[in-house]
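K.L.:
structure of the sequence below:
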Amino acid sequence: MGSILVVDDELDICQLVTRHLTKLGYNASFSLTMAGALAKIASTSYDLLFVDLNLTDGSGYELMKVLQDSKSSSKVIVISAMDSERQRALQRGANIFLSKPFSKRSIEDSLQKLNVHAK
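P.N.:
Down below sits the predicted model:
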């Protein structure tokens, strides 16, 4: 366990979240695009994905649909500045919604709530 993919078009967010997850003992990587995320998902099984709703080449909703259609067991935490999308994201399959900006503590709380453990 403990394999996590961060999907966001903001490099700073990807690097900060990935670095924090790595310090916590997770095997974390990131993708800045939906195409890149789909390529990684095709070759690696992830326990959890952090997914932004607005990507340069698609939507986080589309990515969640791909996961659902493939019967993936990956859990999803939506990370978005659009708090108005919280209910829709949860209805569409997100396990947790984190509003940007979020804290390291909220990441850790979410991991604990979803029972996703480091290696």
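K.L.:
partner residues bridging the residue nearest to the spatial centre of the chain?
P.N.:
With distances taken as C-alpha atoms, centre = their mean, F50 lies nearest the centre of the chain, 1.0 Å away. Beta bridges link F50 to V6, I77, judged by DSSP bridges.
K.L.:
any idea how far apart the tips of stretch 34-50 sit?
P.N.:
12 Å (C-alpha to C-alpha, to the nearest Å).
K.L.:
also stretch 20-31?
P.N.:
Termini of stretch 20-31 sit 16 Å apart (C-alpha to C-alpha).
K.L.:
tell me which residues of that stretch are tucked away?
P.N.:
Under the neighbour-count criterion of 16 or more other C-beta atoms under 10 Å, stretch 20-31 has 21, 24, 26-31 buried. To be clear about C-beta, it is placed using only N, CA and C from the backbone, and glycine gets the same treatment.
K.L.:
I'd say the residue nearest to the centre of the chain and I79 touch.
P.N.:
Yes - counting by C-beta atoms under 8 Å, F50 touches I79, with 5.3 Å between them.
K.L.:
overlap of the contact sets of the two?
P.N.:
8, 17, 98 (C-beta atoms under 8 Å, 6 or more residues apart in numbering).
K.L.:
so for the first one, what pLDDT did the model give?
P.N.:
Same thing as D8. As predicted, D8 sits at a pLDDT of 98.
K.L.:
same question, the last one
P.N.:
What the model reports for L98 is a pLDDT of 97.
K.L.:
nearest residue to it in space, please, no chain neighbours.
P.N.:
In space, and not counting its chain neighbours, L98 is closest to I79: 5.0 Å by C-beta to C-beta, 6 or more residues apart in numbering.
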